[in-house]
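Novice: this one's structure only:
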């Protein structure tokens, strides 16, 4: 009876902390800026005396995928609550509402705008003069645009005026190229977005070595339906058609070789539509001894260069990180964005805007992603957690827009190689505990690497399964995701994982080489010889608003930074690795360490890493 009571108490404690963690996270993240608009309450108050004009009428005449638009406004009855919204498609009245609606009466509006600005954003005198000139940056999103003036603030919107319609010259153009490793080392995948269905045009990639005849590879096409979303707002006011996602597989690549490519569509009349031309360097052969550089971060989100929609409060560091990585493009080879990618949270238009934001990076180097709570979590959707952080997307958007070399992209765990690195990417939004399908995959991934050829073994996941001194983990007493390292640490130790990376906590923290809460090495900045434990790194300061302050510093925490940044790993050869933490604000190094070791140091047994010896000897 006593044992049974203890078991029940232990189970209760685990469930309690798990629920507490989920509940805490719901309140931890700010609401999406567009969720502040009570769009269903919109009333019509159109006025002929209000003037709203957008220019230019046609955007992207030279093939640009982004353009600045000026909206001139004259309103005889202004107020400080007036705001101007961007809608796309341009027609946004009740005729676009689905038949099913939770409201008792059909609303006038059932579609959220893409973004908005207050009318006095650029001129504080607007409330007196009623005149304003607002600048918006638009991207090509496969449909036309209009601008609408609302009074009554966000909670009681009254539609006062609608502008003229504007559009891009070719709204269906192939855009947002994103590279990713294929399932073999000599394969690169090219994914992009367009407005062309396979009934209209045949998608393909034209690619090859510089100065030689290029070949063409066909592409597969996916699309997403509104009824594939699991809930609101993704299924209701936040829904927006994402067009068509195309993926082509470029195979039999030579190692460390520069290729150029462009995406194309053959129209039914035989004419061609082309994207811009891009280039990439193919992966080195697994184990190849050459300079190899990796970028890792999580939790970035999107920024707005025109200052609209209050994104400066939601993702204040997103553009700094993006711009710093664009500036440093020649100096790294592959990127890992380990969850919480766009923070669309069910407002689907954000995904296009994020893809455009990072396109200079994703079109040049492989951009590997992991699943986070803001991509996947939704009740009764198979998520390990029952929160609503995905805004009803329940993983569908991320799994379609991004290619990862997983056996099943709905189960977002996979392995990939880059030269001397072997990466095992976990999906913390699915069960990872011993006996689960994912646990078996992780062990197979870790066990499969030949450490003589690929000495640098990296584990990455969104939620901290290892160690984090963030305040809520400290309050829960776990110093990690509850149940996080209970089973995982046996695998990290057994297979001698060098570094484990996590996001989710919006800051930076590095631990000592650690096993079972104990530092197994007293060094701080230089490690040599046998590594007796795994270094755990939280690198969740990609750009989303920073988390709450840390609690007291545990003895295993070597460096913490409450700022935006990312990590860069540089493998000089099979014996030397440089770790650098850089801030997004200036690109300078604020924390670093080196590892120097030989193959025999990896083979050496440490506690729990090798099986017991037999009597055979």
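Specialist: Right, received. Where do you want to start? This is a predicted model, so every value here is computed, not measured.
Novice: Looks like residue 317 contacts residue 562 (just checking).
Specialist: No: between residue 317 and residue 562 there is no contact under C-beta atoms under 8 Å: 11.7 Å. For the C-beta atoms, the positions are set from N, CA and C on the backbone; glycine is no exception.
Novice: hey, what's in contact with both of the two?
Specialist: residue 546 (C-beta atoms under 8 Å, 6 or more residues apart in numbering).
Novice: Same drill for the two, tell me which one is more crowded.
Specialist: residue 317 (25 against 14; other C-beta atoms under 10 Å).
Novice: what about residue 398, is that helix, strand or coil?
Specialist: Counting by DSSP: H, G, I helix; E, B strand; the rest coil, the backbone at residue 398 sits in helix.
Novice: for it, what are its contacts?
Specialist: Contacts of residue 398 (C-beta under 8 Å, 6+ apart): 341, 369, 371, 375-376, 412.
Novice: burial of residue 220, as a residue count?
Specialist: Residue 220: 13 neighbours (other C-beta under 10 Å).
Novice: With residue 190 as the reference, measure out to it.
Specialist: 11 Å (C-beta to C-beta, to the nearest Å).
Novice: which neighbours do the two share?
Specialist: 247-248.
Novice: returning to what we had before: tell me which of the contacts of residue 398 fall in helices.
Specialist: 375-376 (DSSP state H).
Novice: Tell me the one of the contacts of residue 398 nearest residue 508?
Specialist: residue 341 (18.7 Å; C-beta to C-beta).
Novice: leaving aside the residues next to it on the chain, what's closest to the closest one?
Specialist: Once flanking residues are discounted, residue 341 sits nearest to residue 369: 5.9 Å by C-beta to C-beta, 6 or more residues apart in numbering.
Novice: Now distance to residue 302 and neighbour count too, for the contacts of residue 398, in TSV please.
Specialist: Compiled in TSV, the contacts of residue 398 are given as follows (distance: C-beta to C-beta, whole Å; neighbours: other C-beta atoms under 10 Å):
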residue	distance to residue 302	neighbour count
341	9	29
369	14	26
371	18	33
375	14	30
376	18	30
412	20	27
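Novice: nearest to residue 464, of the contacts of residue 398?
Specialist: residue 371 (14.9 Å).
Novice: wait, doesn't the closest one sit right on residue 462?
Specialist: Yes: under the criterion of C-beta under 8 Å, residue 371 makes contact with residue 462 at 6.5 Å.
Novice: and for these two, which residues touch both?
Specialist: 339, 427-429.
Novice: Tell me the one among those residues nearest to residue 358.
Specialist: Looking across the shared contacts of residue 371 and residue 462 and measuring by C-beta to C-beta, the closest to residue 358 is residue 339, at 14.8 Å.
Novice: so what's the closest one up against?
Specialist: Residue 339 neighbours (C-beta under 8 Å, 6+ apart): 298-299, 369-375, 428, 461-463, 503-504.
Novice: same thing with residue 157?
Specialist: Per C-beta under 8 Å, 6+ apart, neighbours of residue 157: 37-39, 41-43, 109, 150-151.
Novice: Buried subset of the contacts of residue 339, written for PyMOL?
Specialist: To isolate the buried ones among those in PyMOL, judged by 16 or more other C-beta atoms under 10 Å, type:
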select buried, resi 298+299+369+370+371+372+373+374+375+428+461+462+463+503+504
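Novice: Filter the contacts of residue 157 down to the buried ones and express that as a PyMOL selection.
Specialist: Buried members of those, defined by 16+ other C-beta under 10 Å, are picked up in PyMOL with:
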select buried, resi 37+39+41+42+109+150+151
